[in-house]
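> model this:
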Amino acid sequence: MSNKPAIILVHGFWGGAAHWSKVIVELTRKGYRDLYAVENPLTSLADDAERTRKMIAARKGPVLLVGHFYGGAVITEAGNQPNVVGLVYIAAFAPDAGESPGGISAKHPPLAFPNLAPDDDGYLWVKQDKFHESFCQDLSADEALVMAVTQKAPLASTFGNEISEPAWKHKPCWYQISSEDRMIAPENEAWMADRLKARKVITLKASHASLASMPGEVATLIDEAATACST
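Numbering: from 1, shown residues only. Below is the predicted model of the structure:
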């Protein structure tokens, strides 16, 4: 795997780096060792993109960025670094310049939108008793419970943060659509995937948490992207 790029996995709202756990295992089984998962603060797009840029800069060779959910906006903003060779979007936002995740969501509001609740400090949560049906309806109740209790809430203002220069206009892209997604409308995912002119688009009959419910298929797409970027 020495000729393959390093893979940096970027999580989204209401989750941390551990949301990638099953994909990490699958990629390791495929022979990947140069794997990293960013732990973003979810305090602003600028903060999260800077954290991701530092992870990119720490790798001396080529890097493939993989973003889930809001992590797609992060890799879109951070992915113009010269050693980034490709972008993989997993049920993710891929905004254009001047667009925000909130603005895209307004085109087709997600089914789970009523299940979000702000707290007094400006953080936005998925209601615990609604997390399973909203985020990961194809996972077990136990897995959903752990995700709900350990969810990492973003500052609500992050939804309105806009992209400056989108990396997907300069780097090859891949996209996975979740047809049963309740956190990003599948119509929005299909629209973004088409706009990216992605080299490959796959649709999985999965919840928003496809990285946990169908990690084999997600890892295969990442592997295909990494292989393409190494030739």
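
> Show the pLDDT at the residue of the chain positioned farthest from its centre.
For the chain, the largest distance from the centre (C-alpha atoms, centre = their mean) belongs to residue 120, which lies 26.7 Å off. Note on residue 120: pLDDT of 96.

> Tell me the span between the first and last residue of stretch 203-210.
Stretch 203-210 has its terminal residues 10 Å apart, counting by C-alpha to C-alpha, to the nearest Å.

> Buried ones in it, by neighbour count?
Buried positions in stretch 203-210, judged by neighbour count with 16 or more other C-beta atoms under 10 Å: 204, 206, 207, 208, 209, 210. Any C-beta I mention is one placed from the backbone N, CA and C, and that applies to glycine too.

> Identify, from these, the entry nearest to residue 149.
Distance to residue 149, by C-beta to C-beta, is smallest for residue 209 among these, at 14.9 Å.

> Touching, that closest one and residue 138? I think so.
Yes. Between residue 209 and residue 138 there is a contact under C-beta atoms under 8 Å: 7.4 Å.

> max-length helix in the protein?
Longest helix in the chain by number of residues (criterion: DSSP state H): helix 215-229.

> Next, the buried residues of it.
Neighbour count says helix 215-229 has 215, 217, 218, 219, 220, 221, 222, 223, 225, 226, 229 buried, by 16+ other C-beta under 10 Å.

> give the contact list for the fourth one.
For residue 219, the contact set (C-beta atoms under 8 Å, 6 or more residues apart in numbering) comprises 23, 26, 27, 30.

> Equivalent analysis for the second one, please.
For residue 217, the contacting residues are 176, 202, 204, 210, by C-beta under 8 Å, 6+ apart.

> Can you tell me which of the residues you listed end up in strands?
176, 202, 204 (DSSP state E).

> middle-most residue in this protein, spatially?
Short answer for the chain (C-alpha atoms, centre = their mean): residue 68, at 1.2 Å.

> where along this structure do the helices fall?
Along the chain, the segments classed as helices by DSSP H run 21-29, 45-57, 71-78, 101-107, 131-135, 141-149, 186-196, 210-213, 215-229.

> distance between the fourth one and the chain's centre?
Pointing back at helix 101-107 there. Mean-position distance between helix 101-107 and its chain equals 16 Å (C-alpha atoms, centre = their mean, to the nearest Å).
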